[in-house]
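# Got a sequence here, can you model it:
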Amino acid sequence: MTSRWPVRRPTELAAIAAAGRSERRLPPVPAILADLITANRLGDRHGVNLCAHLVARVVTQGVEDAARHA
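This is a model prediction of the structure:
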């Protein structure tokens with residue numbers, strides 16, 4: 001048995017690139033806003049930030065889709 005050292009592992013950048021290559025459905029805005037309100041009530045600033053960025057991504061995608069079909 002031959003062993004190779006060091007064992008190659010995917011880096012964070014490779015994982016992000018792989019995730020970016022596959023299309024994922026985004027959740028509906030009302031569901032994201034409900035999560036945003038929950039995170040805000042719990043004082044979860046990171047959760048609020050994530051939800052706010054996700055809403056912006058959903059809205060931006062909607063604008064891009066509308067522009068393609070116009």
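# Can you tell me the centre-most residue of this protein?
When C-alpha atoms, centre = their mean is applied to the chain, the residue found nearest the centroid is residue 54 (6.6 Å).
# hang on, isn't it packed against residue 29?
No: the criterion here is C-beta atoms under 8 Å, and residue 54 misses it with residue 29 at 9.1 Å. Bear in mind the C-beta positions are built from the backbone N, C-alpha and C, glycine included.
# Lowest average confidence across helices and strands of this structure, where is it?
helix 12-21 (a mean of 78; mean pLDDT, DSSP states H and E).
# For the next helix or strand along the chain from it, give the mean pLDDT please.
Later in the chain than helix 12-21, the nearest helix or strand by DSSP states H and E is helix 29-42. Helix 29-42 shows a mean pLDDT of 96.
# ok, then the element right after helix 29-42?
As assigned by DSSP H and E, the chain's next helix or strand after helix 29-42 is helix 45-69.
# Can you mark which positions in stretch 31-39 are buried?
32, 35, 36, 39 (16 or more other C-beta atoms under 10 Å).
# The third one: what's it in contact with?
What it means is residue 36. Applying C-beta atoms under 8 Å, 6 or more residues apart in numbering to residue 36 gives the contacts 47, 48, 51, 52, 55.
# How about stretch 15-33, which residues are buried there?
residue 32.
# do stretch 46-65 as well
Residues of stretch 46-65 classed as buried by neighbour count (16+ other C-beta under 10 Å): 48, 51, 54, 55.
# Looks like the first one contacts residue 40 (just checking).
The one in question is residue 48. Yes: with contact defined as C-beta under 8 Å, residue 48 reaches residue 40; the gap is 5.3 Å.
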